[in-house]
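> Fold the following, please.
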Amino acid sequence: MTEPMPGPLRMRRAAMSLITLLGGVSLAVIPAATVSISSRLFTVEEQGVLAVAVLVATFAGQLTFAVVVESRLSSAATERRVVFPLWLAGISVLTALVLAIIPPNAIALAIGLPILIAALEVGRGVSVAERLDRREIAASVAVGIGALIGVLAGFAGQQWALIPLVVGIAVATCVRCLPVTHRASRPEPAVMGWVVADTAITGVIYPLLNTMILAFLGSADAVLFTSIATVSGLLAIPLNFMRLRLLKEHSRLDIVVSGASVLAAVVALLVLEFTGVFAFVFGEAWTESATLVPLLLACAWRAASLATTIPFAALRRAGEVRLVTGLRAAVSVLTFALAALGLAAQSLSAVFLGLLVAELASAVVYEVARRRRLARGIREAAAAEGRAGRAAGAADATDADATDADAALEPGGDA
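Numbers count the residues shown, from 1 in each chain. A predicted model of the protein is given here:
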């Protein structure tokens with residue numbers, strides 16, 4: 001049992017956790033900045049393709065993260081240590097340099113985005129899991145500054161607007177791959193397989209759904225869906241932070257910090273919506289549609305993940321990868337079905353409502369599974385204690401019989 005930390009140390013750790021959590025804004029900013037810059041550089045048709053490409057890149061990042069980071073954090077029989085692979089850092093930096101050198105090209109950007117976002121996902125995941133807070137703050141600042149300069153250059157109609165964005169990603173990647181004193185744990189192959197399958201089943205829904213939106217509702221709605229999903233992704237930052245920390249160990253402090261951050265993020269998004277910032281950033285795709293209701297539903301959908309993440313992480317820590325994968329597969333089918341019903345209604349609000357209902361159902365499913373797993377663990381512990389007690393009793397009885405026999409063989413005994 002770990003001893004409680006002194007008050008000042010606890011406050012310092014909470015402050016560093018909050019700063020690192022806020023640094024996650026840099027990760028959410030990249031898709032939003034990409035959509036914003038693209039609206040100034042490319043045609044509506046190219047923007048529609050890039051809107052799908054952004055979600056495909058996010059999916060690719062999730063898969064890479066599952067292989068490199070989450071599979072190791074879920075391998076209960078190991079030390080669960082992670083590092084940022086140099087090969088991924090090298091490919092990401094090379095991709096960023098290519099995109100910075102060539103003229104703006106929607107196809108090249110669509111191809112490069114999965115590599116860049118995969119490096120961002122893995123790099124941040126390693127920093128958060130291993131509590132490399134100082135380097136993560138520096139990396140987040142580099143990404144944020146690059147994205148800000150790129151978006152401002154896009155507003156000014158500059159053709160080089162993508163350069164600061166990709167250079168910021170390259171700098172952050174270099175910072176995050178600095179040497180560490182530990183080695184990465186070798187993941188259990190079976191665990192890795194289940195984790196990757198779990199991530200693939202869950203993550204493929206959103207690029208597939210946006211592809212359907214592009215096909216049935218057109219480029220404008222596809223861009224708007226990606227924009228709202230990206231904006232509401234601000235709430236996913238504290239949720240992902242909490243998930244990473246809980247995969248290592250349960251922490252009420254991180255849960256409280258993350259929950260408060262989700263609430264603050266919702267307030268911030270509403271302020272930005274009412275002040276017209278999103279309309280300014282995303283242009284026609286935002287201004288020509290009613291966005292408040294879809295945005296509120298998207299925020300509720302993201303926030304509902306609070307109730308899902310805690311039991312999910314508990315099951316992963318317990319090594320229940322097969323159970324989690326099965327549950328996620330069932331939940332993913334439900335999520336896609338409900339979102340598709342919303343698409344059939346030709347309403348983005350209905351799509352986000354379907355995602356919200358599915359997330360709430362997921363929370364119930366995971367919590368029931370966690371309680372059953374806990375009850376089974378208690379029964380197994382009680383049974384093991386009972387077997388140990390019976391074994392000890394049998395050993396005492398054997399010792400007593402042996403003592404009586406020895407006494408009987410002594411001179412004057414009853415032999």
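
> Just give me the residue right at the centre of this structure.
Geometric centre of the chain, nearest residue: Asn240, 3.9 Å, by C-alpha atoms, centre = their mean.

> what packs against whatever helix or strand it lives in?
Element membership for Asn240, per DSSP states H and E: helix 236-248. Here helix 236-248 touches helix 7-23, helix 25-41, helix 71-73, helix 106-129, helix 252-274, helix 305-317, going by 3 or more C-beta pairs under 8 Å, 6 or more residues apart in numbering; DSSP states H and E. C-beta: built from backbone N, CA, C; applies to glycine.

> For the next helix or strand after the second one, buried residues please.
Sequence-wise, the next helix or strand beyond helix 25-41 is helix 44-65, with elements assigned using DSSP H and E. Applying a neighbour-count criterion of 16 or more other C-beta atoms under 10 Å, the buried positions in helix 44-65 are 46-65.

> same question, stretch 130-149
Within stretch 130-149, judged by 16+ other C-beta under 10 Å, the buried ones are 130, 132-133, 135-147, 149.

> So which of the residues you listed are in strands?
Of the buried residues of stretch 130-149, none are assigned to strands by DSSP state E.

> that older thread, mind putting the helices and strands packed on helix 236-248 into TSV with mean pLDDT?
TSV is the format used below for those (pLDDT from 0 to 100):
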stretch	mean pLDDT
helix 7-23	60
helix 25-41	82
helix 71-73	85
helix 106-129	91
helix 252-274	86
helix 305-317	86
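
> So which of the ones you listed is nearest Val191?
helix 71-73 (5.8 Å; C-beta to C-beta).

> contacting residues around the closest one?
With contact meaning C-beta atoms under 8 Å, 6 or more residues apart in numbering, helix 71-73 is reached by 78, 80-82, 129, 184-185, 187-188, 191-192, 195-196, 244, 247-248, 316.

> And the buried ones among those, selectable in PyMOL?
To isolate the buried ones among the contacts of helix 71-73 in PyMOL, judged by 16+ other C-beta under 10 Å, type:
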select buried, resi 80+81+82+129+184+185+187+188+191+192+195+196+244+247+248+316
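
> Would you mind giving the secondary structure of Ala76?
coil (DSSP: H, G, I helix; E, B strand; the rest coil).

> what's the spacing between the closest residue in space to Thr308 that isn't next to it in sequence and Ser261?
Leaving aside its chain neighbours, Thr308 sits nearest to Ala363 (4.5 Å; criterion: C-beta to C-beta, 6 or more residues apart in numbering). Plainly put, Ala363 is 19 Å away from Ser261 if you go by C-beta to C-beta, to the nearest Å.

> Point out where this protein drops to low pLDDT.
In the prediction, the chain carries residues with pLDDT under 70 at positions 1-26, 388-415.

> hmm, back to that, neighbour count winner among Ala363 and Ser261?
More crowded of Ala363 and Ser261, by other C-beta atoms under 10 Å: Ser261, with 22 against 19.

> Tell me, how many residues neighbour the nearest residue to that one once chain neighbours are set aside?
Sequence neighbours aside, Pro238 is the residue nearest to Ser261 in space, at 3.8 Å (criterion: C-beta to C-beta, 6+ apart). For Pro238, the count of nearby residues is 29 (other C-beta under 10 Å).

> just checking, Pro238 touches Val256?
No - assessed by C-beta atoms under 8 Å, Pro238 is found out of contact with Val256, at 10.7 Å.

> got the CA coordinates for stretch 343-351 in CSV?
Extracted C-alpha coordinates of stretch 343-351, given in CSV (Å, rounded to 0.1, in the frame of the first residue of the first chain):
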residue,chain,number,x,y,z
LEU,A,343,-27.4,10.0,-41.0
ALA,A,344,-30.5,8.5,-42.4
ALA,A,345,-32.4,11.5,-40.9
GLN,A,346,-29.9,13.7,-42.8
SER,A,347,-29.1,15.6,-39.7
LEU,A,348,-25.7,16.1,-38.0
SER,A,349,-27.5,16.8,-34.7
ALA,A,350,-29.1,13.3,-35.0
VAL,A,351,-25.7,11.8,-35.7
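
> Which secondary structure state does the residue nearest to Thr308 sit in?
Assignment for Ala363 (three-state DSSP): helix.

> Pretty sure it sits against Trp301.
No - with contacts counted by C-beta under 8 Å, Ala363 stays clear of Trp301, the gap being 11.7 Å.

> Leu353 and Leu338, how far apart?
Leu353 sits at a distance of 8 Å from Leu338 (criterion: C-beta to C-beta).

> Please read the previous query as pertaining to Leu323.
23 Å.

> quick one: the helices in the stretch 301-415 of the chain?
Counting by DSSP state H, counting those that start in this stretch, one finds helices in the stretch 301-415 of the chain at the ranges 305-317, 321-344, 348-409.

> if I pick Ile115, what's in contact with it?
Applying C-beta under 8 Å, 6+ apart, the residues near Ile115 are Ala60, Ile91, Ser92, Thr95.

> Of these, which is the nearest to Ala220?
For these, the nearest to Ala220 is Ala60 (24.9 Å; C-beta to C-beta).

> what's around the nearest residue to that closest one once chain neighbours are set aside, how many residues?
Nearest non-adjacent residue to Ala60, counting by C-beta to C-beta, 6+ apart: Pro114, 3.6 Å away. Per other C-beta under 10 Å, the neighbour tally for Pro114 reads 20.
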